[in-house]
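**Student:** I'd like to go over a predicted model; first the sequence, then the structure.
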Amino acid sequence: MKPSTPASRKFARKRSPRVAETSPASSTASATGSSSLLEAVAANACLKRKPPNWLERLSEEQRAEVEEIKRAWVSGELHASCLSLARSLVANCRDRGIPTCGVDGVRAWLAKQD
């Protein structure tokens, strides 16, 4: 026995009614007003910002210490793998209450060429 409504019609999305298109004259009138859409979008785009990464959340002294660790590792003074250095850095920062990201984020930062 067949179902009364086919599955394709049963779960089909209902379409919204079409909205009447505005005439070009009315759209240009609103665009030439005191606050155009372009100006509003540009103003909001300037305000939107990514959240700070873990280095930006550090104080200047902490950032200098972390940068010194990276410099020593890149120059070869620290004989450790990238993973072990990242794990150690994250663990020590967390023990001292310094905000940090995870091990993968620190590894990416160590591998990044400045």
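**Tutor:** Received it, and whenever you're ready, just let me know what you need. Numbers count the residues shown, from 1 in each chain.
**Student:** who touches the host helix or strand of Trp73?
**Tutor:** In the assignment (DSSP states H and E), Trp73 maps to helix 60-75. Residues outside helix 60-75 that contact it (Cβ atoms under 8 Å, 6 or more residues apart in numbering) are 55, 58, 78, 80, 82, 85, 89, 98, 109-110. Bear in mind the C-beta positions are built from the backbone N, C-alpha and C, glycine included.
**Student:** quick one: low-confidence parts of the chain?
**Tutor:** Low-confidence segments of the chain (pLDDT under 70): 1-34, 46-49, 114.
**Student:** can you give me the helices in it?
**Tutor:** Remark: helices assigned in the chain by DSSP state H are 7-10, 24-31, 37-47, 60-75, 82-95, 103-111.
**Student:** adding mean neighbour count, write the ones you listed out as CSV.
**Tutor:** Converted to CSV, these look like this (neighbours: other Cβ atoms under 10 Å):
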stretch, mean neighbour count
helix 7-10, 8
helix 24-31, 10
helix 37-47, 9
helix 60-75, 13
helix 82-95, 15
helix 103-111, 16
